[in-house]
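**Q** generate a structure from the sequence data that follows.
(one chain, ligands or ions: 1)
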Amino acid sequence: MSKRIVIAGGGAAGIAAAIYASSKNIETILIESDGFVGGELCTGMPILGTYSAFGKQCVGGVLDEIIQICQENKQQYIGPVCDWRTLYGLCLNPEVLRLAINTLLIKYKTKVLVNARVMEAASQAGRLQSVTVLSKNGTKQKVDCDFLIDATGSGLIAQMCGAKVFSGDEHNVFQPISLIFRMAGVNFEEALRFIRDNPEEALLAENPILGTSQAKAAIALYNKGLPYYALASSGSLLGNAIESKEMFPCTAVFITPTSINNKEVCLNSTRIAGINCLDETQVANSLTELYEQVGKTERFLQNHVPGFENACLSAIASRIGIRETSRIAGEYTLTQSDVVDAVKHKDAVARGCHHVDIHGAGVEQVRIPVKGDGVYDIPIGSLIPKGIKNVLVAGRCLSSDRGANGSARVMGTCIDMGQAASKIILAAISQNLSDTRDVNMEKVNRDCE
Ligand SMILES: Cc1cc2nc3c(=O)[nH]c(=O)nc-3n(C[C@H](O)[C@H](O)[C@H](O)COP(=O)(O)OP(=O)(O)OC[C@H]3O[C@@H](n4cnc5c(N)ncnc54)[C@H](O)[C@@H]3O)c2cc1C
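**A** Okay, the predicted model is just below:
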């Protein structure tokens, strides 16, 4: 009998889950409450968690397919670049990435419902039967599910089925929200020369694995020719601007190249702390202040930062970026020490390599690198909500403590979890199982190779 996989949420994890499942000819429905899929993935930020600090690729599969299509657009593909701070990021033109994702959704005939929010779930004794989806025009439809992947970022569907969650620091403190934007017309050479000659202005050589000094890291960055660096609040340029209130307090202005043709970079600087990220209205009401911060950053860069004199705003993300909401309580909870000690698990389904990365208020940010080979495993139990049979979670709502979540939340790792969730379900189907907790992990691992 044919089975159906429903995927709730079309961010990094949901897209990967949907592309993987539909590429295996299984009926797949991707349901996204926004009017488009991709979310943060298509804003121009580097896809982190894809390459370790040693430059070893940790995520393949669907990501490889996406990269291959992006590479065909030769002028716009950038690829993995070391930030000489902590590790490599996969730098891409987000519009090319958007089209590549679309190409794969069409190729594999994935059914995609946008402007469609999963509102309710019908479940009994730990088994989900169906979800109710509300369209923007007010119509409701019931969608039956054999299996569901909850890629909502917050484990919303797992919660509807009775799963427990942990939120933020568990005292209503969440990482700040931000609005990502891009600027074109940047003089890459000048921007990099400034950092080469003033390495203390950037965050560099933080990760001992890189085995280098700030000065050497700045030269390596300059030699690569791509402006992938973070202008630090501890430096005089940004530091003075924050002190004079020309800029708002932020850890750094994180700069990522997105297009060599357009001399374009993505900028991650804006931030508002103290928001309850579970409250959609509070988040939405922050948009005006975030827009103001975009304008302030643009002017600060144009007026003070070499290479940006003639640069101008080219895009603003279509939604507010939320770093942290809820994580489910799963069969296994990934811990900060699993991450930092690069722990390997026999029942691993995905891998991560990003440092523990928790943004705080103002200039605060915790950054703890992964030791050893720089890569840790995510076991199957981190994707299984405790006591639930046919719902898996994927993405930043995985079962993890706050520290581990600060690492596994990045997009490369979310992509890997998304495809892993589909692999687990496909293994369950092929092993004739209706409970993902009974899946034979060795077979999943073999499928994963
Ligand atoms: C400002 C900021 C900067 C970041 N910087 C980086 C970076 O540089 N590199 C990096 O790799 N990562 C970065 N991250 C982290 C990363 O972007 C996210 O953690 C990651 O994209 C999460 O992916 P996800 O698929 O788990 O969740 P999301 O991308 O949040 O996707 C969840 C999707 O589910 C949808 N949804 C929610 N509820 C429902 C429902 N009821 N029904 C249907 N759909 C629903 C949402 O609309 C959304 O599209 C950053 C995050 C932020 C916010």
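
**Q** hmm, I106 and S22 touching each other?
**A** No: between S22 and I106 there is no contact under CB atoms under 8 Å: 10.3 Å. From N, CA and C alone the C-beta is placed, and that goes for glycine too.

**Q** mind pulling up the pLDDT for the closest residue to I368 other than its chain neighbours?
**A** Closest residue to I368 apart from its sequence neighbours, by CB to CB, 6 or more residues apart in numbering: V356 at 4.1 Å. If you check V356, the pLDDT there is 97.

**Q** where's V356 relative to the ligand, distance?
**A** 13 Å (CB to the nearest ligand atom, to the nearest Å).

**Q** tell me how far that residue lies from G155.
**A** V356 sits 20 Å away from G155, taking CB to CB, to the nearest Å as the criterion.

**Q** between those two, which is the more surrounded one?
**A** Using other CB atoms under 10 Å, the more surrounded residue of V356 and G155 is G155, with 31 against 19.

**Q** the more buried one contacts P385, correct?
**A** Yes: using CB under 8 Å, G155 is in contact with P385, at 7.0 Å.

**Q** overlap in contacts, those two.
**A** The contact sets of G155 and P385 overlap at A163, I328, V393 (CB atoms under 8 Å, 6 or more residues apart in numbering).

**Q** of those residues, buried ones?
**A** Neighbour-count burial (16 or more other CB atoms under 10 Å) applied to the shared contacts of G155 and P385 gives A163, I328, V393.

**Q** pick out whichever of the residues you listed sits closest to the ligand.
**A** V393 (8.9 Å; CB to the nearest ligand atom).

**Q** what's the neighbour count on P306?
**A** 18.

**Q** you'd agree it is in a strand?
**A** No: secondary structure of P306 (DSSP: H, G, I helix; E, B strand; the rest coil): coil, not part of a strand.

**Q** spatially nearest residue to it (excluding sequence neighbours)?
**A** Spatially, and ignoring its direct neighbours in sequence, P306 is nearest to F194 (3.9 Å; CB to CB, 6+ apart).

**Q** who does the helix or strand harbouring the one you found touch, helix- and strand-wise?
**A** Applying DSSP states H and E as the criterion places F194 in helix 188-197. In this structure, helix 188-197 packs against helix 214-224, with contacts taken as 3 or more CB pairs under 8 Å, 6 or more residues apart in numbering; DSSP states H and E.

**Q** quick one: average pLDDT of the helix it packs on?
**A** Per-residue pLDDT over helix 214-224 has a mean of 97.

**Q** over to stretch 32-52?
**A** Within the predicted structure, the mean pLDDT of stretch 32-52 is 96.

**Q** kindly report the same for stretch 285-304.
**A** For stretch 285-304, the mean per-residue pLDDT is 98.

**Q** buried ones in it?
**A** Going by neighbour count (16+ other CB under 10 Å), the buried part of stretch 285-304 is S286, L290, Q293, V294, K296, T297, E298, F300, L301, H304.

**Q** so the fifth one makes contact with P249?
**A** No: contact status for K296 versus P249: not in contact, 11.4 Å apart, counting by CB under 8 Å.

**Q** how is the chain divided into domains?
**A** As assigned by automatic domain parsing, the chain contains the domains 4-172+324-448, 181-316.
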